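Asker: A predicted structure for the sequence below; I have some questions about it.
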Amino acid sequence: MSTANWIQLVVFLGVVFGCAPFLGKFLARVFDGEKHLLSFLGPVERGIYRVTGVDSSRDMNWKQYAAALLTFNAFGFASLMALLMTQGWLPLNPAHIPNMSWHLALNTAVSFMTNTNWQSYNGEVAASYLSQVAGLAVHNFISASTGMAVMLALFRGIRRRPAGPPARGAQAIEQAGLGNFWVDLTRSTLYVFIPLSILLAVLLMSQGVVQNFAPYKMAVGLEGGDQVLPMGPAASQVAIKQLGSNGGGFFGVNSAHPFENPTPFSNLLEMIAILLVPAAIPFAYGRMVKDRRQGRAIFAAKTVLFAIGLVAILFAEHGFNGMTGGHGTMEGKEVRFGISASAEWAEATTVVSNGSVNSMHDSFSPLGGMVPMVNIMLGEIIYGGIGAGMYGMLIFLVITIFFAGLMVGRTPEYLGKKIETREMQLSVLAVIGQTVSILFLAAAAMVVPAGLGTLTNQGPHGLSEVLYAYSSTVGNNGSAFAGLGVNNPYYDTTLAVAMLIGRFIVIVPALALAGGLGAKVPIPPSVGTFSTHNATFVILLVLTVLIVGALNFFPALTLGPVLEHFLALKGMVF
C-alpha cells in the first residue's frame with residue numbers, strides 16, 4: 001500500500017471511531033426521550049402522533065410490538081409492489097420506463113422492505129423517478145428505522161427492572177413493556193436519518209452526484225457513438241442508502257457509477273457513512289443500560305472481527321494472486337479508487353448489512369472474495385445493519401454467556417438476569433434458522449434446471465456466485481457476485497423468500513427474547529458473577545462468533561472460494 005492509501009485508511013477509520021462515542025451519546029438521548037441537539041423538532045414529532053392517532057405513552061409488550069412491526073412492514077411491501085407494477089402509467093417517468101414484471105416487483109418490494117436492497121435490475125432502465133423517490137428511498141428510511149426499533153426493544157428488555165411483586169411465567173412476559181414501536185420508528189427517522197441524510201446529500205452534490213428530475217441526456221462518447229446519460233434525484237437516495245445500511249444503487253453499477261460516486265472524496269464520505277451509525281450503536285447501548293463498559297466491550301469485539309477481515313482482504317487484493325503472477329489486480333475496480341479503496345469498501349459494506357459496492361466483488365481474488373462472503377455468513381453482526389447488527393450480536397452474547405456459565409459451573413446471567421432455557425432456544429433459533437435457509441436454498445439452486453440455467457461461470461466460481469447470492473439475501477446484505485443471472489421467476493421468488501426468512505427469523509426471536517428478559521427480576525452480583533465487560537469476555541465473544549460461524553457455515557459455504565484459490569495457483573481459471 002502506498003502512503004496515500006495509508007493516509008486514506010487512517011482518516012476513514014479515525015473519523016468513524018472518533019465520532020462513534022459522541023453519536024452514541026446523541027442516540028441514547030434521542031431514544032430515552034431526553035433533551036438533545038435536535039429537541040427543537042419536538043413539535044414535529046408530537047404533530048406526527050396527533051395526525052396518525054398514535055398514543056406515544058402506550059407501552060407495548062413483545063407480541064404487540066411484533067404485531068405493529070409486521071403490520072407496518074406488510075403494508076409497506078404491498079404499497080411498494082403496487083407502485084412498481086404500475087410505474088409506467090404514473091408521472092415522474094421522463095424515460096418512459098415500463099411497469100415491472102410481477103416477479104421483479106415482488107423481489108424488489110421484499111428487498112427494500114427487509115433492508116436488503118438486493119437488486120435484480122438496473123435502476124436507470126427499470127425504475128422511474130417516482131418509484132425511486134416515493135418507493136425505494138422511502139423504504140430506505142423506514143426499513144432502517146424498523147431495525148433500530150427492534151434493537152431498542154431488546155435494550156429495554158435487558159435494562160427493565162420490574163416493579164412490585166414479580167409475576168411469573170407467561171403472565172410476567174405479557175406485562176413486560178418494551179416501549180412503543182411507532183415512537184421508536186418516528187424518532188429514528190426524524191432525529192437521526194433525515195438530518196444526517198440532508199447533510200450527506202449536500203456534501204455529495206458538492207462533489208458532483210446528480211440531483212434533479214431532468215430527462216436523460218444524449219451525448220457523444222469518446223469513440224464518436226451516441227450515449228445516453230441517466231439523470232435523476234440520486235444524491236438524496238445515495239445518502240440514506242449508506243447511512244441506513246441499505247445499499248441499493250440509484251444506478252445499476254451502484255457506487256461505481258460516476259454520477260453516484262464521482263470522486264475519491266465522495267468515496268471517502270460514503271465509506272464513512274456506511275459505518276458511522278452502526279459503530280455508534282454499542283456506545284448508545286452502554287448508556288441506555290446504565291453500564292458504559294458493556295457498550296465498550298461489544299464495540300471492541302465488533303472491531304476485532306472487523307480488523308481481521310480488513311487485514312485479510314487488503315492482503316488478498318494487494319498480495320498474491322495466481323492469475324496475475326503475484327501482483328494485485330485492477331480487474332473490476334474503478335481507476336479513480338484503486339485497489340485499497342475498493343477492498344476497504346468491500347469490507348465495510350459486508351461487515352454492515354449495506355451491500356453497496358464501488359467495485360465488482362465477482363472480480364476479486366478467490367480469498368479476497370471469500371472475506372465479504374464470510375462477513376455475511378456470520379450473520380451481519382460485525383457492526384451489522386442499523387439495529388440488526390446490534391440485536392444479532394446480543395444474541396451471540398447470550399450464547400457466549402451460556403457457554404461461559406457451563407465452563408465455570410454457574411448459572412449464566414447477564415446484567416443480573418438469568419439466561420435460561422427459553423433464552424437459549426430463541427438465540428439458537430435465530431442463528432440456526434439463517435444457516436438452514438442458506439444451505440437449503442443454495443443446494444436447491446444447484447440441482448434444479450432453473451437454478452443452473454443462468455449460471456455464467458462454471459466450477460468453483462459458479463458455486464461461489466450461487467452461495468453468495470443466498471448468503472447475501474438471507475443476511476439482508478444485498479451485494480452480489482454478479483455473474484449470476486437473477487432477473488427471472490425462479491431466482492426472483494426464491495431470493496425474495498430468502499430475504500423474508502433472513503429478516504424475520506431473527507426479528508421475531510429477538511423481540512421474544514426482549515420480552516422474556518424484561519420479565520426477569522435481576523439478582524444482585526456476587527463474587528462468582530462472570531464479568532461481561534473485560535478483555536477475557538471480549539475474546540470469548542469473538543471466539544464464540546467465529547466458532548459458531550465455522551460450525552454452521554464455513555465447511556460448506558467457503559468451499560467454492562477455497563477450491564478456486566488453489567486451482568488459480570495452478571493457472572486454472574473458471
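Answerer: Received the coordinates, thanks. Bear in mind the structure is a predicted one, so any value in this text is a computation, not a measurement.
Asker: make it CA atoms for all contacts and neighbour counts henceforth
Answerer: OK.
Asker: Which residue of the protein lies farthest from its centroid?
Answerer: The outermost residue of the chain relative to its centre, with distances by C-alpha atoms, centre = their mean, is residue 224 at 41.8 Å.
Asker: what separates it from residue 257, distance-wise?
Answerer: Here residue 224 is placed at a distance of 21 Å from residue 257 (C-alpha to C-alpha, to the nearest Å).
Asker: same deal with residue 339?
Answerer: Here residue 339 is placed at a distance of 16 Å from residue 257 (C-alpha to C-alpha).
Asker: repeat for residue 112
Answerer: The separation that residue 112 has from residue 257, given C-alpha to C-alpha, amounts to 21 Å.
Asker: neighbour-wise, which of these two wins?
Answerer: Set residue 112 next to residue 257 and count neighbours by other C-alpha atoms under 10 Å: residue 112 wins out with 31 against 18.
Asker: Which residue comes closest to the more buried one once chain neighbours are left out?
Answerer: Among residues not flanking residue 112 along the chain, residue 139 sits closest, at 5.9 Å (C-alpha to C-alpha, 6 or more residues apart in numbering).
Asker: Likewise for residue 104?
Answerer: Closest to residue 104 by C-alpha to C-alpha, 6+ apart is residue 492, at 6.1 Å.
Asker: Could you do residue 58 as well?
Answerer: Excluding the flanking residues, the one nearest residue 58 by C-alpha to C-alpha, 6+ apart is residue 180, at 6.4 Å.
Asker: Please apply the same query to residue 304.
Answerer: Nearest non-adjacent residue to residue 304, counting by C-alpha to C-alpha, 6+ apart: residue 542, 7.6 Å away.
Asker: Can you give the contact residues for the host helix or strand of that neighbour?
Answerer: Taking DSSP states H and E as the definition, residue 542 sits inside helix 535-552. With contact meaning C-alpha atoms under 8 Å, 6 or more residues apart in numbering, helix 535-552 is reached by 297-298, 300-302, 304-305, 377-378, 396-397, 399-400, 432, 435, 531-532.
Asker: Per-residue pLDDT of the residue nearest to residue 104, please?
Answerer: If you check residue 492, the pLDDT there is 95.
Asker: same deal with residue 574?
Answerer: So, for residue 574, pLDDT stands at 44.
Asker: repeat for residue 571
Answerer: Model confidence at residue 571, given as pLDDT, is 52.
Asker: Then residue 49?
Answerer: 96.
Asker: Go ahead and confirm it touches residue 58.
Answerer: No - with contact defined as C-alpha atoms under 8 Å, residue 49 does not count as touching residue 58 (11.9 Å).
Asker: out of the two, which sits in the more crowded spot?
Answerer: Taking other C-alpha under 10 Å, residue 49 and residue 58 do not tie; residue 49 has more neighbours (16 against 13).
Asker: The more buried one sits in which helix or strand?
Answerer: Using DSSP H and E, residue 49 sits in helix 42-52.
Asker: Strands of the stretch 301-450 of the chain, start to end?
Answerer: Applying DSSP state E, counting those that start in this stretch to the stretch 301-450 of the chain gives strands spanning 413-414, 417-418.
Asker: out of those strands, nearest to residue 310?
Answerer: Within the strands of the stretch 301-450 of the chain, the stretch nearest residue 310 is strand 413-414; the backing value is 30.6 Å (C-alpha to C-alpha).
Asker: and the closest one, what other elements does it pack with?
Answerer: helix 388-408 (3 or more C-alpha pairs under 8 Å, 6 or more residues apart in numbering; DSSP states H and E).
Asker: could you say what helices and strands the helix it packs on packs with?
Answerer: Applying 3+ C-alpha pairs under 8 Å, 6+ apart, one finds that helix 388-408 makes contact with helix 138-159, helix 264-288, strand 413-414, helix 421-445, helix 489-519, helix 535-552.
Asker: repeat that with 7 Å
Answerer: When contacts are defined as 3 or more C-alpha pairs under 7 Å, 6 or more residues apart in numbering; DSSP states H and E, helix 388-408 sits against helix 138-159, helix 421-445, helix 535-552.
Asker: Would you mind telling me which of those helices is nearest residue 311?
Answerer: In terms of C-alpha to C-alpha, the element of those nearest to residue 311 is helix 535-552, at 16.3 Å.
Asker: nearest spatial neighbour of residue 179, skipping sequence neighbours?
Answerer: residue 59 (4.9 Å).
Asker: buried residues in stretch 454-464?
Answerer: 455, 460, 461, 462, 463, 464 (16 or more other C-alpha atoms under 10 Å).
Asker: And the contacts of stretch 413-430?
Answerer: By C-alpha atoms under 7 Å, 6 or more residues apart in numbering, the residues outside stretch 413-430 that reach it are 395, 399, 401-402, 412, 505-506, 509, 513, 517, 520-525.
Asker: Let's see that with 8 Å instead.
Answerer: By C-alpha under 8 Å, 6+ apart, stretch 413-430 touches 158-159, 395-396, 398-399, 401-402, 405, 411-412, 505-506, 509-510, 512-513, 516-517, 520-525, 529-530, 532.
Asker: what does stretch 133-142 give?
Answerer: Residues from elsewhere that reach stretch 133-142 (C-alpha under 8 Å, 6+ apart): 76, 80, 83, 112-113, 115, 185, 189, 193, 233, 237, 240-241, 244, 246.
Asker: one more time with 7 Å
Answerer: Here stretch 133-142 makes contact (C-alpha under 7 Å, 6+ apart) with 80, 112, 113, 115, 189, 193, 237, 240, 241, 244, 246.
Asker: who are the neighbours in contact with the last one?
Answerer: Same thing as residue 246. Contacts of residue 246 by C-alpha under 7 Å, 6+ apart are 115, 116, 117, 140, 354, 355.
Asker: Mark which of the contacts of stretch 133-142 are part of helices, please.
Answerer: Those of the contacts of stretch 133-142 mapping onto helices are 80, 112, 113, 237, 240, 241, per DSSP state H.
Asker: Give me the nearest residue to the last one, chain neighbours excluded.
Answerer: The shortest distance from residue 241 to any residue that is not its chain neighbour, by C-alpha to C-alpha, 6+ apart, is 4.8 Å, and that residue is residue 247.
Asker: distance of that neighbour from residue 274?
Answerer: Counting by C-alpha to C-alpha, the gap from residue 247 to residue 274 is 9 Å.
Asker: do residue 467 as well
Answerer: Distance from residue 467 to residue 274, by C-alpha to C-alpha: 24 Å.
Asker: More neighbours: which of these two?
Answerer: Set side by side, residue 467 and residue 274 give different neighbour counts by other C-alpha under 10 Å, the larger being at residue 274 (32 against 26).
Asker: so who does that one touch?
Answerer: Going by C-alpha under 7 Å, 6+ apart, residue 274 touches 242, 243, 245, 348, 349, 354.
Asker: give me that answer again for 8 Å
Answerer: Contacts here follow C-alpha under 8 Å, 6+ apart; on that basis residue 274 touches 242, 243, 244, 245, 348, 349, 352, 354.
Asker: The first one: neighbouring residues, count only.
Answerer: Read that as residue 242. 29.
Asker: which residues does it contact?
Answerer: 270, 271, 273, 274, 354, 356.
Asker: try 10 Å
Answerer: 140, 197, 200, 248-249, 269-277, 349, 352, 354-356 (C-alpha atoms under 10 Å, 6 or more residues apart in numbering).
Asker: And it, how far from residue 193?
Answerer: When distance is defined by C-alpha to C-alpha, residue 242 is 10 Å away from residue 193.
Asker: Which neighbours do those two have in common?
Answerer: Taking C-alpha under 10 Å, 6+ apart as the contact rule, residue 242 and residue 193 both touch 140, 277.
Asker: which stretches of the stretch 51-200 of the chain have low pLDDT?
Answerer: 163-172, 174-176 (pLDDT under 70).
Asker: and if we set it to 80?
Answerer: Applying pLDDT under 80 to the stretch 51-200 of the chain flags residues 162-177.
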